[in-house]
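Peer 1: Build me a model:
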Amino acid sequence: MIQNKCILLLGGSSDQLFIIKSAHEMGLETAVIDGNKFAPGLALGTYSAPIDFSNIPVVIDYVYGLKRRGVNICGVSVMGSDVPHIVSTIAQEFSWIGPSAQTGKWAIDKYEMKCRFVEKGIPIPKFTLVRSSEDVVNCWKKWNFSSVVIKPTDRAGSRGVRIISQTDEVKDAYENAVYCSKNGDVILEEYLAGPQISTESIFTEAHAVTPGFADRVYEGMDVFWPQIMENGGWVPSLVDHAMKKAVCDLVEKAARALGIQRGVAKGDVVIHPEKGPVIIEMAARLSGGDFSESLVPLGYGINYVKAVLKIAIGEDPDWDDMLPKWQKAVANRYFFLPPGKLEAIEGMDSIQNTRAVKKLKIFYEIGDTIPEISHHGQRVGVVVIAGENRETVQKDIDQIYNSLKFKVNGRWVTGNANKRNNLSEANH
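Peer 2: Residues are numbered from 1 along each chain as shown. I've put the predicted structure just below:
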């Protein structure tokens with residue numbers, strides 16, 4: 001009797017639970033590893049171990065151990081964590097499907113990625129490496145743009161990213177980017193205004209489809225300026241058919257430029273009013289958060305995470321499974337709080353019992369200290385809402401922001417970013 005196929009999954013945090021459950025629904029066994037011994041995914045895996053997946057020799061030894069036990073482990077995948085270079089090394093060791101070493105290098109270094117895009121004629125913002133605040137000022141003056149974006153070359157989740165619109169912002173923005181960088185490299189880019197789109201595309205050598213396509217939400221996030229903080233997304237997108245095709249063609253071409261032949265690519269695109277769709281960044285992995293987990297499955301009835309798993313174990317996906325089965329309006333929104341001690345939360349029960357709410361999760365416990373929010377990883381919680389159209393979903397979003405209240409340092413506040421300090425003991 002041939003044992004069920006097993007897939008190695010890197011990470012067992014709440015961000016990875018969906019990929020674990022999807023694998024089990026497909027009849028796959030899972031080997032889940034995470035450096036946090038309390039990671040919830042470790043309890044769900046068919047096999048699991050508290051291993052930091054960045055320790056590649058230990059991971060490889062663990063896989064060989066499973067093989068000696070007769071486990072039919074035949075692939076590796078990841079959701080949310082930006083580690084294509086690690087996936088590549090592990091896959092090559094066992095002759096599994098995975099990104100090449102070169103693809104892994106391009107995908108984790110924004111400067112190398114953009115150089116590759118220039119080489120292949122992919123439209124991107126103007127960019128350069130900068131080594132000092134003076135470099136930033138000189139390049140900015142030479143370019144003569146009204147605003148520029150500064151960021152580390154090797155971080156995700158908005159860490160170290162700021163828009164610079166005034167020269168007195170340069171020093172602090174540059175030092176913050178260097179501080180957040182792992183390798184010390186910082187990139188300066190042209191800031192392009194326009195609607196932003198999140199995409200997720202699935203590839204084999206002969207096929208490419210983009211079932212993940214969502215409008216990104218930045219409205220109402222001025223309180224974080226000059227940081228760039230996203231507040232979720234919408235499906236279906238409001239862009240017309242012709243523009244959607246142009247965006248899909250662009251992200252699929254960009255992924256091929258990075259050498260992605262079998263697997264997944266996550267694209268961030270801005271639709272500039274004069275230049276059209278332009279690639280901001282691309283990742284060689286499944287997105288974290290709620291894009292592939294909630295927005296697309298609820299909005300269209302598509303679980304393309306299963307397609308990614310099939311490719312990882314050496315099988316071709318069923319392309320018909322990535323055609324929409326229905327179309328509903330779905331949005332995810334985040335909760336943002338001022339820094340301080342989280343003392344109480346009110347309104348959770350009534351919101352969780354609302355039919356339109358498909359997910360409500362708070363990432364902090366009562367008694368935890370909320371940090372000054374500087375990147376996506378520090379958001380306080382998330383809600384996912386589904387409905388027949390955007391108007392009804394937006395009403396639900398507004399109602400949820402008004403109903404859910406947090407007590408921080410003795411003061412009642414809301415999780416709405418621009419209104420998070422507007423409650424008081426008197427009006428609560």
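
Peer 1: Return the residues in contact with residue 101.
Peer 2: Contacts for residue 101 (Cβ atoms under 8 Å, 6 or more residues apart in numbering) come out as 85, 88, 89, 92. For the C-beta atoms, the positions are set from N, CA and C on the backbone; glycine is no exception.

Peer 1: Now flag whichever of those is closest to residue 210.
Peer 2: Among these, residue 88 lies closest to residue 210 (Cβ to Cβ), at 22.8 Å.

Peer 1: Wasn't that closest one part of a helix?
Peer 2: Yes - in this structure, residue 88 lies within a helix as judged by DSSP: H, G, I helix; E, B strand; the rest coil.

Peer 1: That one: neighbouring residues, count only.
Peer 2: Residues contacting residue 88 under the criterion other Cβ atoms under 10 Å number 22.

Peer 1: low-confidence ranges in this structure?
Peer 2: Within the chain, the set of residues satisfying pLDDT under 70 comprises 1-2, 419-428.

Peer 1: which residues of it fall in helices?
Peer 2: Ranges of helices within the chain are 17-25, 41-44, 56-68, 84-94, 101-108, 110-119, 133-143, 170-180, 241-257, 296-300, 305-312, 348-352, 390-403, based on DSSP state H.

Peer 1: want to throw those into JSON lines with distance to residue 338?
Peer 2: JSON lines is the format used below for these (distance: least, Cβ to Cβ, whole Å):
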{"stretch": "helix 17-25", "distance to residue 338": "29"}
{"stretch": "helix 41-44", "distance to residue 338": "31"}
{"stretch": "helix 56-68", "distance to residue 338": "40"}
{"stretch": "helix 84-94", "distance to residue 338": "36"}
{"stretch": "helix 101-108", "distance to residue 338": "33"}
{"stretch": "helix 110-119", "distance to residue 338": "31"}
{"stretch": "helix 133-143", "distance to residue 338": "29"}
{"stretch": "helix 170-180", "distance to residue 338": "20"}
{"stretch": "helix 241-257", "distance to residue 338": "36"}
{"stretch": "helix 296-300", "distance to residue 338": "31"}
{"stretch": "helix 305-312", "distance to residue 338": "35"}
{"stretch": "helix 348-352", "distance to residue 338": "19"}
{"stretch": "helix 390-403", "distance to residue 338": "15"}
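
Peer 1: Narrow the contacts of residue 101 to those that are buried.
Peer 2: By neighbour count, with 16 or more other Cβ atoms under 10 Å, the contacts of residue 101 hold 85, 88, 89 as buried.

Peer 1: ends of stretch 77-87, how far apart?
Peer 2: Across stretch 77-87, the terminal residues are separated by 7 Å (Cα to Cα, to the nearest Å).

Peer 1: brain fart, stretch 20-34
Peer 2: Note: stretch 20-34 ends 13 Å apart using Cα to Cα.

Peer 1: which parts of that stretch are buried?
Peer 2: 20, 22, 23, 26, 28, 29, 30, 31, 32, 33, 34.

Peer 1: Report the two of the residues you listed separated the most.
Peer 2: Farthest pair in the buried residues of stretch 20-34, by Cβ to Cβ: 26 and 34, 21.0 Å.

Peer 1: still on that earlier bit, how about the buried residues of stretch 20-34 in TSV, adding distance to residue 52?
Peer 2: Shown next, in TSV, are these (distance: Cβ to Cβ, whole Å):
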residue	distance to residue 52
20	18
22	24
23	21
26	27
28	23
29	22
30	18
31	15
32	13
33	8
34	8
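
Peer 1: just to revisit the earlier point, so which of the contacts of residue 101 is the closest to residue 327?
Peer 2: Using Cβ to Cβ, the contacts of residue 101 come closest to residue 327 at residue 88, 36.2 Å.

Peer 1: ok, back up a step: in strands, which of the buried residues of stretch 20-34 fall?
Peer 2: Judged by DSSP state E, those include 29, 30, 31, 32, 33 as members of strands.

Peer 1: In contact with the third one, which residues are there?
Peer 2: I take that to be residue 31. Shown in contact with residue 31 (Cβ under 8 Å, 6+ apart): 6-9, 45-49, 62-63, 66, 71, 73.

Peer 1: Spatially nearest residue to it, not counting backbone neighbours?
Peer 2: residue 47 (4.4 Å; Cβ to Cβ, 6 or more residues apart in numbering).

Peer 1: Just give me the neighbour total for that neighbour.
Peer 2: 18.

Peer 1: Wait, residue 289 touches residue 16, no?
Peer 2: No - counting by Cβ atoms under 8 Å, residue 289 stays clear of residue 16, with 11.6 Å between them.

Peer 1: Between these two, which contacts overlap?
Peer 2: residue 80.

Peer 1: The two: who's more crowded?
Peer 2: Neighbour comparison, residue 289 and residue 16: the larger count goes to residue 16, with 27 against 21 (by other Cβ under 10 Å).

Peer 1: contacting residues for the more buried one?
Peer 2: Going by Cβ under 8 Å, 6+ apart, residue 16 touches 9, 32, 34, 41, 78, 79, 80.

Peer 1: How about the contacts made by residue 36?
Peer 2: 12, 13, 50.

Peer 1: Residue 151: neighbour count?
Peer 2: 24.

Peer 1: how far away is it from residue 321?
Peer 2: 36 Å (Cβ to Cβ, to the nearest Å).

Peer 1: for residue 354, same thing?
Peer 2: With the distance defined as Cβ to Cβ, residue 354 ends up 30 Å from residue 321.

Peer 1: same check, this time on residue 51
Peer 2: 32 Å.

Peer 1: same deal with residue 406?
Peer 2: On the measure of Cβ to Cβ, residue 406 and residue 321 end up 40 Å apart.

Peer 1: the more surrounded of the two?
Peer 2: residue 406 (27 against 15).

Peer 1: if I read this right, that one contacts residue 342, doesn't it?
Peer 2: Yes - counting by Cβ under 8 Å, residue 406 touches residue 342, with 6.5 Å between them.

Peer 1: The protein - how does it break down into domains?
Peer 2: When the chain is parsed with automatic domain parsing, its domains come out as 5-96, 126-190, 193-327, 330-419.

Peer 1: and residue 102, which of these is closest to it?
Peer 2: Among these, domain 193-327 comes nearest to residue 102, with 5.9 Å by Cβ to Cβ.

Peer 1: so how far is the closest one from its chain's centroid?
Peer 2: 10 Å (Cα atoms, centre = their mean, to the nearest Å).

Peer 1: repeat for stretch 118-131
Peer 2: Using Cα atoms, centre = their mean, the offset of stretch 118-131 from its chain centre is 22 Å.

Peer 1: Ok, stretch 94-103 next?
Peer 2: Relative to the centre of its chain, stretch 94-103 is centred 21 Å away, using Cα atoms, centre = their mean.

Peer 1: which parts of it are buried?
Peer 2: Applying 16+ other Cβ under 10 Å to stretch 94-103 flags 94, 96, 97, 98, 99, 100, 103 as buried.
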